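>>> here is a sequence with its predicted model. Questions after.
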Amino acid sequence: MKGRRTCQTCKHFRQHYVKWGEDDYQKCGSGHCVYPRLKPRRNETKACQYYSPAEKTEDG
């Protein structure tokens, strides 16, 4: 997935999760974009003109 400009690799994308059991959360295939307004998005949606690469974190 490196080098691909998708919503999932954008800093404006917020991942959605599904709760499994007491304390387990799993990523689902969607989320939302917060810039310039709130919009529902799928992880692999082609990035829009507001794309900005997400900063790397310890877990991914």
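Cool, got the structure.

>>> packing partners of the longest strand seen in the chain?
Using DSSP state E, we find that the single longest strand of the chain is strand 24-33. For strand 24-33, the packing partners by 3 or more C-beta pairs under 8 Å, 6 or more residues apart in numbering; DSSP states H and E come out as strand 13-20, strand 39-42. For glycine as for every other residue, the C-beta is placed from the backbone atoms N, C-alpha and C.

>>> adding mean pLDDT and mean neighbour count, write the ones you listed out as a markdown table.
Shown next, in a markdown table, are those (pLDDT from 0 to 100; neighbours: other C-beta atoms under 10 Å):
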| stretch | mean pLDDT | mean neighbour count |
| --- | --- | --- |
| strand 13-20 | 95 | 12 |
| strand 39-42 | 94 | 14 |
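
>>> and those strands: which comes nearest E55?
Taking C-beta to C-beta, strand 13-20 is the member of the helices and strands packed on strand 24-33 nearest to E55, at 12.3 Å.

>>> give me the contacts around the closest one.
Residues from elsewhere that reach strand 13-20, judged by C-beta atoms under 8 Å, 6 or more residues apart in numbering: 7-8, 25-28, 30-34, 41, 43, 54.

>>> hmm, back to that, please name the strands paired to the longest strand of the chain in the sheet, noting orientation.
Sheet pairing of strand 24-33 (DSSP bridges) gives strand 13-20 (antiparallel), strand 39-42 (antiparallel).

>>> please compute how far that strand lies from its chain's middle.
8 Å (C-alpha atoms, centre = their mean, to the nearest Å).

>>> could you list the buried residues of it?
G31, C33 (16 or more other C-beta atoms under 10 Å).

>>> and for stretch 41-50?
R41, N43, T45, A47.

>>> what distance do you get for the residue in the chain sticking out farthest from the centre to N43?
Distance from the C-alpha centroid of the chain, by C-alpha atoms, centre = their mean, peaks at E22 (23.8 Å). E22 sits 26 Å away from N43, going by C-beta to C-beta, to the nearest Å.
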